[in-house]
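**Q** quick one, what's the 3D model for this:
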Amino acid sequence: MRGYSDRINHALAFAAKHHDTQVRKGLRMPYVTHAANVAVILCCYQCDEAIVVAGVLHDVIEDSVRDGFTPEDLADRIGAKFGSDVLETVLAVTRRRLDDDGIEMSKDDVKGDYLARLATASDSARWVCTAHNLHDAGTILADLRRTIEPSTVWSRGGLSRDSTLHWYRAVYDRLVAVQFSATILDELRGLVEALEVAPAGDAPAIR
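**A** Just a heads-up that it's a prediction; the model follows:
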């Protein structure tokens with residue numbers, strides 16, 4: 001794999017700035033490592049630079065911890081620095097807290113809204129969605145292999161094993177339903193199936 005372009009490196013620096021001291025749920029590693037891993041996944045599948053940049057920035061609007069920036073401010077900055085194509089992709093994979101009438105949604109409705117919007121999302125957004133969930137699911141499976149207490153892995157972020165499995169299966173099924181057929185989806189299916197049969201003990205090998 002070739003080195004990152006200046007534009008991708010700029011995006012990584014931008015993500016690092018806005019995720020700042022944020023860490024991954026249930027882990028001590030900097031949150032920006034997730035953005036970098038999503039970029040690696042997209043590069044391995046030879047995605048266009050704009051998709052990789054969007055992959056790096058995909059959580060900035062939703063999860064930025066920098067003071068003084070509203071989601072609208074962050075959207076404006078991303079559009080100005082990285083282009084409207086990148087911004088459109090990032091917005092498509094950003095979970096909305098408010099519905100079209102400005103009413104705050106429940107956690108379940110937020111997830112449902114995210115899945116529903118995949119129907120009108122571009123393939124670029126679907127690539128980013130898949131890579132994001134691929135890295136998250138892969139991290140869980142890898143950690144299940146290493147731990148002697150699987151419950152501590154499943155319960156990260158206050159979630160349960162059932163809710164975690166339900167989410168990854170829902171994402172995969174929705175991507176299939178909207179006819180996203182990129183090869184990366186096969187890898188996500190393998191991870192979902194491996195997690196679904198993972199017992200309280202060691203996780204099985206990835207198929």
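**Q** so the residue nearest the centre of the chain: helix, strand or coil?
**A** The centroid of the chain falls nearest to residue 132 when counting by Cα atoms, centre = their mean (2.8 Å). Assigned by DSSP: H, G, I helix; E, B strand; the rest coil, the conformation of residue 132 is helix.
**Q** got the contact list for the closest residue to residue 117 other than its chain neighbours?
**A** Spatially, and ignoring its direct neighbours in sequence, residue 117 is nearest to residue 92 (6.5 Å; Cβ to Cβ, 6 or more residues apart in numbering). Any C-beta I mention is one placed from the backbone N, CA and C, and that applies to glycine too. Residue 92 makes contact with 117, 121-122, 125, according to Cβ atoms under 8 Å, 6 or more residues apart in numbering.
**Q** from these, which is closest to residue 188?
**A** Ranked by distance to residue 188 (Cβ to Cβ), those are led by residue 125 at 14.9 Å.
**Q** isn't the closest one right up against residue 86?
**A** No - shown here, residue 125 and residue 86 do not form a contact pair, counting by Cβ atoms under 8 Å, at 10.8 Å.
**Q** show me whatever sits in contact with both of these two.
**A** Common contacts of residue 125 and residue 86 (Cβ under 8 Å, 6+ apart): residue 54.
**Q** quick one: low-confidence ranges for the protein?
**A** Under the criterion pLDDT under 70, the flagged ranges of the chain are 1-3, 21-29, 64-67, 199-207.
**Q** and with 80 instead?
**A** Within the chain, the ranges that satisfy pLDDT under 80 run 1-4, 19-31, 63-68, 156-159, 199-207.
**Q** the strands in it, which residues?
**A** With strands called from DSSP state E, the chain shows none.
**Q** who are the contact partners of residue 105?
**A** So residue 105 contacts 96-99, 113 (Cβ under 8 Å, 6+ apart).
**Q** buried among those residues? Need that as a selection in ChimeraX.
**A** Written as a ChimeraX command, the selection of buried residues from those, which uses 16 or more other Cβ atoms under 10 Å, is:
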select :113
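**Q** out of the contacts of residue 105, list just those in helices.
**A** residue 113 (DSSP state H).
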